[in-house]
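K.L.:
Predicted model and sequence follow; I will ask about them next.
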Amino acid sequence: MDLLLTKGAQTCQDFVNLVYQDPEIVNTFPQLSQLQDQLNAQSPLPPRAQNCSDGHGGLRNTPNSSPASGVGGFTPGSEPPQQPLCGYVHKVTKQKESKGRRQYFSAQLQCREQTWTVMVFDLAKREVFISAEQDKRAVQLDRVKFVDGQNIWFKDLSSISFVQEGSLPFSYDVSLDVQTLPLEQLLNSHPDEVNVHIAAMQMIQVGHLPTKAGEYLQRVEWKVADRTAAALLTLWEKPLLSGGEWYDVTNVKVDFYMGKLRLQTTRETEVTVVKSTHIPYALPSDSAIPENVVLKISCVQLDVKHCCPRRHLQDGACRGKFITCKKQNCKMKFSCMDLKRVVSGRLHVRDSERVLDLQDYHIRELLGNKIVDDSQSTKNALETALLKIQTVSVCFYKENILSMTAST
């Protein structure tokens, strides 16, 4: 009961209404009816009718707030009024994982005065959010946590329910949905995300970039086009395209750099091949097709270095408990425990004079981050682990290694 008292009058009202439905409880606690009359006097209208009919998404100015205090009377950093949000659901995402390894998904809630970003930690409610988006039905969110003036959290105690059709004084905004647009239209309008129907023309660049977490992401840049215009498409950790094929690419970000239209994939992007025998463009003469080759390992020579948390390579061996980064723009002192291994080397192919230059991300693809970063794994131990793999499957593009995996 003490916990309920800290949740505000609305939570107490809901609890009293719930227990009042049991006749035995009412007979046992006769003063319960008096308590319910007091709560009803403080809130004469039912919560749903009171909050959804105002059309402000459930946030209204309270007697202790003014319109200048924030969105709907909510000042970021303060506790918002305990009222539900009413609106329409847009852009329900896939399941994600937070830094704390917690599973969630996000969505957009279109209210009358603004659009909120909803982070939903109750994964069981995802089908309800998807249904609300597909059917374009208005919903009401109860007991959500307001993080700031743009974001809210939908947690285990939160709830979602459908609102009677026509009860909101505003309609579904189609412009908030991710639309499929031709490339030419993107040159004039600048939406945040779009779906595109494009043909892969030519692979421009391939590489791997490190993240703050120390992982490597594959980055492949393609020249793409449709029947209206051309653009550059950057694929992050996505399947390789084939020149001349048509693709449906969803949820790509739109950007302009040096006057050129650029598209970038996101975590929500899906790439689907569109089966068609019609190739509308002649591929460039210097275009190449990725080649998959299975090779047997003959010998491995590795070199192990270290880098600071800002990924600056350190020259020589790292001795002592602390080191000072020698990079001119860094000059920071780090504990040796914070240093990260950077392994590179050469792989000799059996029955051939071919030698592959191995980068750190190639070795991590073969052995895994845990083995490479283990302090007990010396250079000799890593070389032995690679030799035990014996056979690798390598994908080449113009002599550049796109990927390398252990072959069974």
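P.N.:
Thanks, I have it.
K.L.:
For Ser158, give me its contacts.
P.N.:
Residues near Ser158 by CB atoms under 8 Å, 6 or more residues apart in numbering: 122, 141-145. The way it works is simple: take the backbone N, C-alpha and C, and place the C-beta from them, glycine included.
K.L.:
If any of those residues are buried, put those into a PyMOL selection.
P.N.:
Applying 16 or more other CB atoms under 10 Å to the contacts of Ser158, the buried members can be selected in PyMOL as follows:
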select buried, resi 122+141+142+143+144
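K.L.:
how does the chain divide into domains?
P.N.:
Domains of the chain are assigned by automatic domain parsing as 2-44, 50-175, 183-274, 291-406.
K.L.:
what would the ones you listed look like in CSV with mean pLDDT?
P.N.:
CSV is the format used below for the domains of the chain (pLDDT from 0 to 100):
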stretch, mean pLDDT
domain 2-44, 66
domain 50-175, 75
domain 183-274, 82
domain 291-406, 79
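K.L.:
returning to what we had before: show me which of the contacts of Ser158 is closest to Ile204.
P.N.:
Comparing the contacts of Ser158 against Ile204 with CB to CB places Asp122 closest, at 42.6 Å.
K.L.:
Phi, psi for the nearest residue to the closest one once chain neighbours are set aside please.
P.N.:
Nearest residue to Asp122, sequence neighbours excluded (CB to CB, 6 or more residues apart in numbering): Asp156, at 5.5 Å. Torsion angles at Asp156 (phi, psi; degrees, to the nearest 10) stand at phi -60, psi -30.
K.L.:
just checking, which of the contacts of Ser158 belong to helices?
P.N.:
Among those, no member falls in helices (DSSP state H).
K.L.:
need the contacts of Ser158 in CSV with distance to Ile297, can you?
P.N.:
CSV is the format used below for the contacts of Ser158 (distance: CB to CB, whole Å):
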residue, distance to Ile297
Asp122, 48
Leu141, 56
Asp142, 60
Arg143, 58
Val144, 55
Lys145, 54
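K.L.:
Report the central residue of this structure.
P.N.:
The chain has Arg267 as the residue nearest its centroid, 4.8 Å off, counting by CA atoms, centre = their mean.
K.L.:
got a list of what it touches?
P.N.:
93-94, 96.
K.L.:
Kindly report the same for Asn195.
P.N.:
178-181, 248-252.
K.L.:
same thing but 7 Å
P.N.:
Neighbouring residues of Asn195 by CB atoms under 7 Å, 6 or more residues apart in numbering: 178-180, 249-251.
K.L.:
What is the burial count for Met121?
P.N.:
Let me fix one detail, which is that residue 121 is Phe and not Met. When neighbours are counted by other CB atoms under 10 Å, Phe121 registers 16.
K.L.:
Surely it touches Tyr104?
P.N.:
Yes - contact criterion CB atoms under 7 Å: Phe121 and Tyr104 qualify, at 4.8 Å.
K.L.:
hmm, back to that, by neighbours, which of the contacts of Arg267 wins?
P.N.:
Result: Thr93 is most packed of those (other CB under 10 Å), 18 neighbours.
K.L.:
Would you verify that that one is located in a helix?
P.N.:
No - the assignment for Thr93 by DSSP: H, G, I helix; E, B strand; the rest coil gives coil, which leaves it out of any helix.
K.L.:
any idea how far it lies from Glu353?
P.N.:
Using CB to CB, to the nearest Å, Thr93 is found at 49 Å from Glu353.
K.L.:
Ok, Asn251 next?
P.N.:
Distance of Asn251 to Glu353, computed by CB to CB: 45 Å.
K.L.:
neighbour count winner among these two?
P.N.:
Asn251 (19 against 6).
K.L.:
OK, contacts around that one?
P.N.:
178, 193, 195, 266, 268-269.
K.L.:
Let's see that with 6 Å instead.
P.N.:
Residues in contact with Asn251, defined by CB atoms under 6 Å, 6 or more residues apart in numbering, are 178, 193, 266, 268-269.
K.L.:
which SS class is it?
P.N.:
strand.
K.L.:
That one and Asn17, how far apart?
P.N.:
Where Asn17 is concerned, Asn251 sits at a distance of 42 Å (CB to CB).
K.L.:
can you check Lys125 too?
P.N.:
Counting by CB to CB, the gap from Lys125 to Asn17 is 22 Å.
K.L.:
Just want to know which of these two has more residues nearby.
P.N.:
Using other CB under 10 Å, the more surrounded residue of Lys125 and Asn17 is Lys125, with 18 against 14.
K.L.:
For that one, which non-adjacent residue is closest in space?
P.N.:
Ile160 (5.8 Å).
K.L.:
and the helix or strand hosting that neighbour, which residues are buried?
P.N.:
Using DSSP states H and E, the element containing Ile160 is strand 159-162. Residues of strand 159-162 classed as buried: Ile160 (neighbour count, 16+ other CB under 10 Å).
K.L.:
can I get the CA coordinates of it in CSV?
P.N.:
Extracted C-alpha coordinates of strand 159-162, given in CSV (Å, rounded to 0.1, in the frame of the first residue of the first chain):
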residue,chain,number,x,y,z
SER,A,159,-0.6,-0.7,-21.1
ILE,A,160,-1.9,0.0,-24.6
SER,A,161,-5.6,-0.1,-25.6
PHE,A,162,-7.5,0.9,-28.7
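K.L.:
In terms of secondary structure, what does that strand contact?
P.N.:
Contacts defined by 3 or more CB pairs under 6 Å, 6 or more residues apart in numbering; DSSP states H and E place strand 159-162 against strand 138-142.
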